[in-house]
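Q: fold the following, please.
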Amino acid sequence: DDGVDVGVGVGVVKVQGSGVRQFLEGKLSNSFGPSNGGNNNNLGRVVDACLLTPRGRAVDRITVAPFTCDGGDDDAMEAYMITSPGHGGSALFNRLDPFVFPMDGVKLVDMMNAAAGGCSTRVFTVAATKMKNVRDTVHKLVLPNIQLGDASIGDVALPKRGQCTRISSGSIEVVVLASTFLPECICTGYTFIISEKDASSSSSAKVWDALTAEQNEEAPVELGPLEWDTLRIEGGWPAYGWEMTGDADPSSTADTDNAREDTAVVGVGTKASPLELHLHSTIDESKGCYLGQEAVAALLKNKRGMPRNLYSVVFQDDENAYNDNDSSGTMNDDSNALAALLGASVDGSSSGIINIGADSEDSVARQPLPGDKLFVL
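A: Okay, here's the model as predicted:
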């Protein structure tokens, strides 16, 4: 239950200007109403939305932290768009920026490009199964190491669930989201975006060193891509480049086993709608006029339901009915019950083969072994 830092790359794009709301509404699948910060320009509401292809296929799940601008009404916003882990670097910026026109009234800033953004940006997530452990880690190791002028932000109020907050002073800006890149059934916690114009102060480096210090037994455990993949699969969380393959290149022959090392997505499977990936919470079904909206609406009206659905498959080695032999090598009562349910017979030999139907050939179904290829229909 100790705090956990997720060391998986994401991208951050800052959207500024008078047309921020209209830009977000037109590009993403969810709605962006009032920031719910009231008179507080540094308090916002976290919104999860999907970036889709024109045919309504999921490209990525985007977490948006919108804030009301100083002195403006609620339509005057600026927002931070954070990609999913694995969709890091400048990929999102490079995708959106060519289609920004003067009449849009917005400017995109690639926060991950120090030369373009004019600042150095670092993103990290602190998470655990219990929020108390997260807060203890944040107050002990994170906030005291973030310097705002001559003082730290140790007394800042952390955002509540579904909210985000922003603290800025001079050359440093910190955005804190009550959100992780994993489902709540796996963990809870906070994501920090630290941007600094003065690299010499390097509050983000101090925070990172404090979080990963080997001599500190209370420091969290640093997780990498493999651990993050394990947790998100257990939680049924679709990932960019794996289940969300809207921008995959089907003609690519790149090695999919190492796809996460590259920013480009290779052809790794069927391109799915967010509805097929159980991302209903990222879509406002009453909203129109966004990229991919017509395809999403067609699926919602489909009387036969979704053509495909994402499922989690769990193999429990000790309870697999297709290879449940006893110590003598013969099939047990559970296997006979399975055969009866299927209208089949059990081969009397020690091979443990279940015969499906009187005239059918022997089935070779068995428990999967390491190295086997799995085909899911």
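Q: give me the distance between residue 93 and residue 195.
A: Distance, residue 93 to residue 195, by Cβ to Cβ, to the nearest Å: 15 Å. Where C-beta positions appear, they are placed from N, C-alpha and C, glycine not excepted.
Q: I figured residue 273 hits residue 53, correct?
A: No. If you go by Cβ atoms under 8 Å, residue 273 and residue 53 don't touch, sitting 9.9 Å apart.
Q: the more surrounded of those two?
A: Taking other Cβ atoms under 10 Å, residue 273 and residue 53 do not tie; residue 273 has more neighbours (25 against 15).
Q: okay, that one and residue 304: tell me how far apart.
A: Computed as Cβ to Cβ, the residue 273 to residue 304 distance reads 14 Å.
Q: what of residue 219?
A: 52 Å.
Q: between those two, who's got more neighbours?
A: Relative neighbour count places residue 219 above the other of residue 219 and residue 304, with 19 against 5, counting by other Cβ under 10 Å.
Q: enumerate every residue touching the more buried one.
A: Neighbour list for residue 219: 141, 210, 211, 212, 213 [criterion: Cβ atoms under 8 Å, 6 or more residues apart in numbering].
Q: ok, and the most crowded of these?
A: That'd be residue 141 among the contacts of residue 219, by other Cβ under 10 Å, with 24 neighbours.
Q: quick check: what element follows the longest strand seen in the chain along the chain?
A: As assigned by DSSP state E, the longest strand anywhere in the chain is strand 58-68. Once the chain leaves strand 58-68, the next helix or strand it forms, by DSSP states H and E, is strand 77-82.
Q: tell me the strands beside that following strand, with direction?
A: Strand 77-82 has the following sheet partners, assigned by DSSP bridges: strand 12-17 (antiparallel), strand 58-68 (antiparallel).
Q: ok, and what's touching that strand?
A: Residues outside strand 77-82 that contact it (Cβ under 8 Å, 6+ apart) are 10-17, 20-21, 24, 32, 35, 62-69, 92, 111, 123, 175, 177, 191, 193.
Q: tell me where the stretch 201-350 of the chain has strands.
A: Taking DSSP state E, counting those that start in this stretch as the criterion, the stretch 201-350 of the chain contains strands spanning 221-223, 344-346.
Q: just give me the lowest mean pLDDT stretch among those.
A: When the strands of the stretch 201-350 of the chain are ranked by mean pLDDT, strand 344-346 comes last with a mean of 46.
Q: before we move on, back to that, only whichever of the contacts of strand 77-82 are buried, select them in ChimeraX.
A: Listed next is the ChimeraX selection for buried residues among the contacts of strand 77-82, using 16 or more other Cβ atoms under 10 Å:
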select :10,11,12,13,14,15,17,20,21,24,32,35,62,63,64,65,66,67,68,69,92,111,123,175,177,191,193
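Q: for residue 53, what are its contacts?
A: 59, 246, 247, 271, 291, 292.
Q: got a list of what the second one touches?
A: By Cβ under 8 Å, 6+ apart, the contact list for residue 246 reads 51, 52, 53, 57, 58, 59, 60, 271, 272.
Q: try 7 Å this time
A: When contacts are counted by Cβ atoms under 7 Å, 6 or more residues apart in numbering, residue 246 touches 52, 53, 57, 58, 59, 271.
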